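Undergrad: Build the 3D model from these lines:
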Amino acid sequence: MRSMKIWLMFTLILSSSVSVASEASKVEGLWLSEEKDGIIKIENEDDTFFGHLVWIKPKDGKTASEFLDIENPEKDLQDRKLLGIKLLEGFEYDDGSWSGGTIYDPKSGKTYSAKMKLEDGKLNLRGYVGISLFGRTSIWSSVKDIPKD
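TA: Next up, the predicted model:
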């Protein structure tokens, strides 16, 4: 009887941790920015989520590989290509949201504290300074593929 209780408890613990992992992974994939000018691929490594810029909409005759991180406050990074840089990092899943991370805004060269939450299939990403009250939410859409330029 005792071994049955232990087995049942182990099974319940295992199934609840699988459920949490499944919920956490829902943010993984390709996300189109609110401005529809970039796609970010969100991935998980060791229960920490991060995102790389994998597509930039061509603009003013420039291809994606020609966009540089010119607004970066670090002079030695201003000539790096934007394509492939890590925009999101350090997010951890807890109770329906991802928090504790940062977002880098290449348009301003600034990095903000950030949190994310899925609502109605959209990713609400809130960047802020200090506390979440002082920030802005951007709504990203899930996409299946990276466009061919």
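
Undergrad: Tell me where this structure has helices.
TA: Under the criterion DSSP state H, helices of the chain are mapped to 2-24.

Undergrad: can you give me the strands for it?
TA: With DSSP state E as the criterion, the chain has strands at 29-32, 38-45, 48-56, 86-94, 97-105, 110-119, 122-128, 135-143.

Undergrad: Nearest to Leu77, out of those?
TA: Nearest to Leu77, of all these, is strand 97-105, at 10.4 Å by Cβ to Cβ. All C-beta spots, glycine's among them, are computed from the backbone N, C-alpha and C.

Undergrad: Neighbouring strands of that closest one in the sheet, and parallel or not?
TA: Sheet pairing of strand 97-105 (DSSP bridges) gives strand 86-94 (antiparallel), strand 110-119 (antiparallel).

Undergrad: hang on, the earlier thing: with respect to Ser22, which of the strands of the chain lies nearest?
TA: Of the strands of the chain, the one closest to Ser22 (Cβ to Cβ) turns out to be strand 86-94, at 10.5 Å.

Undergrad: Now that we have the strands paired with strand 97-105, can you turn them into a markdown table and tack on mean neighbour count?
TA: Below are the strands paired with strand 97-105 laid out as a markdown table (neighbours: other Cβ atoms under 10 Å):
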| stretch | mean neighbour count |
| --- | --- |
| strand 86-94 | 18 |
| strand 110-119 | 18 |
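
Undergrad: Minimum distance to Asp79: which of those has it?
TA: For the strands paired with strand 97-105, proximity to Asp79 was assessed by Cβ to Cβ; strand 86-94 is nearest, at 17.1 Å.

Undergrad: now the angle from that closest one to strand 38-45?
TA: Here strand 86-94 runs at an angle of 50 degrees relative to strand 38-45 (axes from the mean of the first three to the mean of the last three Cα atoms, to 10 degrees).

Undergrad: got the angle for strand 86-94 vs strand 122-128?
TA: Using the same axes, to 10 degrees: strand 86-94 against strand 122-128 is 100 degrees.

Undergrad: Residues in contact with strand 86-94: which ones?
TA: 20, 23-24, 27, 40, 42, 47-53, 98-104, 106, 114-116 (Cβ atoms under 8 Å, 6 or more residues apart in numbering).
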